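[1] sequence and predicted structure are below.
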Amino acid sequence: QPGTDVLLCRTDIETEISKSDLIITGEGRMDEQTAMGKAPVRIANLAKKYDKPVIAITGCVGKGAKICHDAGIDAIFPILSHPMTSDEAMDPNTTRDNIIRTTCEIMRLVQISHLLDI
């Protein structure tokens, strides 16, 4: 059974999505393959069923990632803030710090959007 099917079935994620204001999903590399049914797009499909906005946080953005917008992901944010080696990027502490920084910036944008009624 595909891992995404197991995840969606065992977590009852659809119920949680239906009760949420904003959906944040993620993947190590977002590219054209993501749009072929990987977890972020499957989650985005469920979110669109409930008219929820979807943001993806990703390690990097690859070729064809724009296709994911058509598949339901409203915005894609890579976490890398500057060039670094793969080993550096994959370090758990660096990854955690990058995810936190990127998420904080996204939340600032959400606050501004709310204030501007965008």
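    Sure, I can see it. Residues are numbered from 1 along each chain as shown.

[2] so Ile17 touches Thr25, yeah?
    No - the criterion here is Cβ atoms under 8 Å, and Ile17 misses it with Thr25 at 10.0 Å. The way it works is simple: take the backbone N, C-alpha and C, and place the C-beta from them, glycine included.

[3] between those two, which contacts overlap?
    Taking Cβ atoms under 8 Å, 6 or more residues apart in numbering as the contact rule, Ile17 and Thr25 both touch Ile43.

[4] show me the contact partners of stretch 72-85.
    For stretch 72-85, using Cβ under 8 Å, 6+ apart, the contacting residues are 25, 30, 40-41, 44-45, 47-48, 53-61, 65, 68-69, 89, 94-95, 98-99, 101-102, 105-106.

[5] distance between the ends of it?
    Using Cα to Cα, to the nearest Å, one end of stretch 72-85 lies 31 Å from the other.

[6] now the closest residue to Pro53 other than its chain neighbours: how far from Lys52?
    Spatial nearest neighbour of Pro53, chain neighbours left out: Asp74 (5.1 Å); criterion: Cβ to Cβ, 6 or more residues apart in numbering. Relative to Lys52, Asp74 is positioned 9 Å away (Cβ to Cβ, to the nearest Å).

[7] neighbour-wise, which of those two wins?
    Lys52 (19 against 16; other Cβ atoms under 10 Å).
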